[in-house]
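[1] Need coordinates for the below:
(one chain, ligands or ions: 1)
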Amino acid sequence: MDECSTIMKLMHPHLDGELDVKDSLCAQAHLECCTPCREAFVAERAFLDILRMQLAQPPAPPSVRQRVTASPTRPGRDAPADSPRA
Ligand SMILES: [Zn+2]
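    The predicted structure follows:
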């Protein structure tokens, strides 16, 4: 049962691919036969995937936003919506 706490400690290095082969195989073998650890691992990996996706798509740089707001927005000339002469 103590193996679970060991695997929990190995989870992050395992996700980051930082474990050596022996520990990696040990973690893999445990995850295959231990449902709670596997679920925790899958949830953690999904969370890291979301983090990576957000890091891979940085917000628009300030220069782009400046260009957009600096462009003169001219209001269209008044449309004769309510012209008295029909
Ligand atoms: Zn376990």
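[2] Any idea which residue is closest to the centre of the chain?
    Within the chain, the residue whose C-alpha comes closest to the C-alpha centroid is I50; the distance, by C-alpha atoms, centre = their mean, is 2.4 Å.
[3] what does the average pLDDT come to for the helix or strand where that residue lies?
    Assigned by DSSP states H and E, I50 belongs to helix 35-56. Here helix 35-56 scores 93 as its mean pLDDT.
[4] neighbouring contacts of it?
    Helix 35-56 is contacted from outside by 4, 7-8, 11-12, 14-15, 30-32, using C-beta atoms under 8 Å, 6 or more residues apart in numbering. Glycine gets a C-beta too; all of them are placed from N, C-alpha and C.
[5] Tell me the one of those residues nearest the ion?
    Nearest to the ion out of the contacts of helix 35-56 is C4 (C-beta to the ion; 3.4 Å).
[6] The closest one: how many residues sit nearby?
    13 (other C-beta atoms under 10 Å).
[7] My guess is it contacts C34. True?
    Yes. In this structure, C4 is within contact of C34 by C-beta atoms under 8 Å, at 6.5 Å.
[8] which of the contacts of helix 35-56 tops the neighbour count?
    Per-residue neighbour counts (other C-beta under 10 Å) across the contacts of helix 35-56 peak at I7, which has 23 neighbours.
[9] for the record, mean pLDDT for the one helix or strand that one maps to?
    Element membership of I7, judged by DSSP H and E, is helix 2-15. Helix 2-15 comes out with an average pLDDT of 91.
[10] Would you mind getting the angle between it and helix 35-56?
    20 degrees (axes from the mean of the first three to the mean of the last three C-alpha atoms, to 10 degrees).
[11] Helix 2-15 near the ion at all?
    Yes. Using C-beta under 5 Å from the ion, we find that helix 2-15 touches the ion at C4.
[12] Then stretch 19-32?
    No. Stretch 19-32 is not in contact with the ion by C-beta under 5 Å from the ion; minimum separation 5.6 Å.
[13] Would you indicate which residues of that stretch are buried?
    In terms of neighbour count (16 or more other C-beta atoms under 10 Å), stretch 19-32 has its buried residues at 19, 26-27, 30-31.
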